[in-house]
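Undergrad: sequence unknown, structure follows:
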């Protein structure tokens, strides 16, 4: 009577959202300060002051019927121009406003790009661990997801990629800096990946695309994030301002199609058609302009770095195992006892909300989102210690 | 290599958007004041002052990381509560915040609701003339659109509905006040429609839903808009603040599922699942709060009424034929010569941008969006006169 797949997706929600809602419920019961909610990637560092003053400036100077009216479907022309110019000057690649499509955030960027590409029988390759909603968008568009394991250090495993990519592969979805591991792919890795995709495209007889999901581009700790379009021509960049400007709830981002994509104009038209089909009329008008004026700025990444350093040091000293993250704001920690779901459940006893890795396509880890107030981390440390001691059978 | 259906949808865009873009191009060539762009429903009356001051108040009082952070997927709890309370008190129907899902505007409301309902082989009945994107959303979800003609006066033709609705009908999409005709359905019509759908649901053996697309609810000229949930239990309201608060570019609206829907909880879960699948993470956070505080307010409808009266009187005096609109901000005028596409093309000679009715599923009319500055209407009248005279072979 209704679509049961949709019902099921709505009921289970994402595991992350489920924990987030559980946390809100627990906060109401035991008090906000007693719940250590590491579930969701909701930026804790405020938007830069510039963002708030730019909102005020726009409200004060632009007539409301212009400011809040429809823009063209791919975005306001001056906004697309600003994004295109920024990409050209920042990354030194040719770009054009005609290949910029403003979106309602990274989720929209991805669902639109996947829908634009997807034909019957297509496969999208994702690299585990991966953001679980990739599967929802790809399967929603009628595609199959092929999971490719990463190497031990969460960087690319080229043998695994070579085996997984074939005649049915439409695109590889790449996420660097990575959610949930914090890994940042190097220029050398992108060079090898570009060569691999070029060879595989030749074998297939048509382009295999690279979907670069980059909401964490600006959140790094001393490493550079190479720009994928420089390493492979058939690249579609899916960007969001959610994390860089701490605007996750405002739903604003963009798709940039590389002008060097095969049939780039057709592909861009398909992006427009997919946006239309999914019900996106235009990206939110006020925040299109706010973000265009804020290009190159970001929230204070130093705050996340302090969180990372504090938590990484404390947890590894306790005995937890974790690869130090190079970017984003997640720690990917080995689950004690090996069973991530059981570990996450047991952590709830201590009001610790940790996302089990199973939904990211790997077993045996939990994701800890450290985009929280410093005090949450500080107060949570005794809970992490008790959890560790419970597992190791240490009696106090 | 890419999805050709999406490419095609992106290339043709909607006829309306196409004309809108053409208008922008012409304005750049001949000057903004010389183009009479009646193509798009972009509100010309500014958002109420309250909206701008509420944005300022929120910016000044709520910490940015809270204000701009993710809300729960169906919306911030206090926003859903405010919308639910408003519906209960305004329309006298039971509602609950658990059945309110905040969306990125009417297009998102519709695409999500259709995706939530749609199963293989489903038909969605639309009443011509109808908003052309209904077809895009329904076909995008895998459904077939069945076009039901309306009566001469653009009200419901119950014989036609009786013939069109059957065992494959999943829902009827209703739009009152209507785009493009301005017709407002009466309580008597909704009573008859409710009875018809009840009988058809019994014959089918499961619910046939009513999707009430109501972005123009507040824009009426002396008539009441009855609330569909009072007339039929299996009703899903698809609302948008785009027109009532002149926020079309901000993409903010909601879905309200009637608590009396068959398996209402399952249906609401399917709405959440569909939103998730289409890439909607949450509705824009700032405007969720702005709209919750603005419930029951609207832009100055009196301005649209003056436009309507001026244009309707002038055009009918010239000799054009048109049913006087009771709501929304469109005149639906008979195309001279009978061929709407040819008429619209010829109108371009006079810089008049009128949307031919073919894309609305009927022939022989043009839609004139009178949500424009009064001066545009005033300056356009000689052009309308010349166009009329050209058709009637009147030489000056």
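TA: It's in. Please read all numbers here as calculations on a predicted model, not as lab measurements. Numbering: from 1, shown residues only, chains lettered A, B, ... in the order given.

Undergrad: which residues of the stretch 51-200 of chain A fall in strands?
TA: With DSSP state E, counting those that start in this stretch, the ranges of strands along the stretch 51-200 of chain A come out as A:100-103, A:123-128, A:144-149, A:169-174.

Undergrad: Determine which stretch of those strands is the most buried.
TA: Neighbour counts (mean count of other Cβ atoms under 10 Å in any protein chain shown) averaged over each of the strands of the stretch 51-200 of chain A peak at strand A:100-103, with a mean of 28. Using the backbone N, CA and C atoms, a C-beta is placed for each residue, glycine as well.

Undergrad: Point out the other helices and strands that that one packs with.
TA: Contact partners of strand A:100-103 among helices and strands, from 3 or more Cβ pairs under 8 Å, 6 or more residues apart in numbering or on different chains; DSSP states H and E: helix A:77-91, helix A:105-117, strand A:253-257, helix A:264-277.

Undergrad: Please produce TSV containing the ones you listed, extended by mean neighbour count.
TA: As requested, these are exported to TSV (neighbours: other Cβ atoms under 10 Å in any protein chain shown):
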stretch	mean neighbour count
helix A:77-91	18
helix A:105-117	29
strand A:253-257	27
helix A:264-277	25
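
Undergrad: Any chance of CSV for those, columns mean pLDDT and distance to chain B?
TA: Listed next are the helices and strands packed on strand A:100-103 as CSV, based on pLDDT from 0 to 100; distance: least, Cβ to the nearest Cβ, whole Å:
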stretch, mean pLDDT, distance to chain B
helix A:77-91, 98, 8
helix A:105-117, 97, 3
strand A:253-257, 98, 11
helix A:264-277, 96, 3
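
Undergrad: Those into a markdown table, with extra columns for distance to residue B:272?
TA: Putting these into a markdown table (distance: least, Cβ to Cβ, whole Å) gives the following:
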| stretch | distance to residue B:272 |
| --- | --- |
| helix A:77-91 | 30 |
| helix A:105-117 | 14 |
| strand A:253-257 | 22 |
| helix A:264-277 | 20 |
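
Undergrad: With respect to residue B:45, which of those lies nearest?
TA: Checking the helices and strands packed on strand A:100-103 against residue B:45 by Cβ to Cβ gives helix A:77-91 as the closest, at 23.9 Å.

Undergrad: what angle sits between that closest one and strand A:253-257?
TA: Interaxial angle, helix A:77-91 versus strand A:253-257 (axes from the mean of the first three to the mean of the last three Cα atoms, to 10 degrees): 70 degrees.

Undergrad: my guess is residue A:165 contacts residue A:172, does it?
TA: Yes. Residue A:165 is in contact with residue A:172 according to Cβ atoms under 8 Å; the separation is 6.8 Å.

Undergrad: shared neighbours of the two, anything?
TA: Common neighbours of residue A:165 and residue A:172 (criterion: Cβ atoms under 8 Å, 6 or more residues apart in numbering or on different chains): A:125, A:148, A:197, A:208.

Undergrad: Just the closest of those residues to residue A:389, please.
TA: residue A:148 (37.0 Å).

Undergrad: So what touches the helix or strand hosting residue A:28?
TA: Following DSSP states H and E, one finds residue A:28 within helix A:15-30. Contact with helix A:15-30 is made by A:12-13, A:34-35, A:37, A:39-40, A:132, A:344, A:348, A:351, A:353, A:355-356, A:358-359, B:72-73, as judged by Cβ under 8 Å, 6+ apart.

Undergrad: Whichever of these end up buried, select them in PyMOL.
TA: To isolate the buried members of the contacts of helix A:15-30 in PyMOL, using 16 or more other Cβ atoms under 10 Å in any protein chain shown:
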select buried, (chain A and resi 13+35+37+39+40+132+344+348+351+353+355+356+358+359) or (chain B and resi 72+73)
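
Undergrad: In strands, which of the contacts of helix A:15-30 fall?
TA: A:37, A:353, A:355-356 (DSSP state E).

Undergrad: between the helix or strand that contains residue A:366 and helix A:15-30, how big is the angle?
TA: Per DSSP H and E, residue A:366 falls inside strand A:365-369. Using the same axes, to 10 degrees, the direction of strand A:365-369 lies 60 degrees away from that of helix A:15-30.

Undergrad: And strand A:365-369, what does it pack against?
TA: strand A:330-334, helix A:340-348, strand A:355-356.

Undergrad: List the buried residues in stretch A:196-207.
TA: So for stretch A:196-207, counting by 16+ other Cβ under 10 Å, buried means A:196-197, A:200-201, A:204, A:207.

Undergrad: Give the burial count for residue A:218, as a bare number.
TA: Residue neighbour count, defined by other Cβ atoms under 10 Å in any protein chain shown, stands at 18 for residue A:218.

Undergrad: ok, the buried residues of stretch A:196-207 vs chain B, which is closest?
TA: Taking Cβ to the nearest Cβ as the measure, residue A:207 is the one of those closest to chain B, at 6.2 Å.

Undergrad: Kindly confirm my reading that the closest one is in a strand.
TA: No. Judged by DSSP: H, G, I helix; E, B strand; the rest coil, residue A:207 forms no part of a strand; its state is coil.

Undergrad: which residues does it contact?
TA: Contacts of residue A:207 (Cβ under 8 Å, 6+ apart): A:201, A:234, A:261-262, B:1.

Undergrad: For residue A:169, see how far away it is.
TA: For residue A:207, the distance to residue A:169 (Cβ to Cβ, to the nearest Å) stands at 10 Å.

Undergrad: and what of residue A:120?
TA: 14 Å.

Undergrad: residue ranges with poor pLDDT in the stretch 1-150 of chain A?
TA: A:13 (pLDDT under 70).

Undergrad: show me the contacts for residue A:222.
TA: For residue A:222, the contact set (Cβ under 8 Å, 6+ apart) comprises residue A:326.

Undergrad: for it, helix, strand, or coil?
TA: coil.
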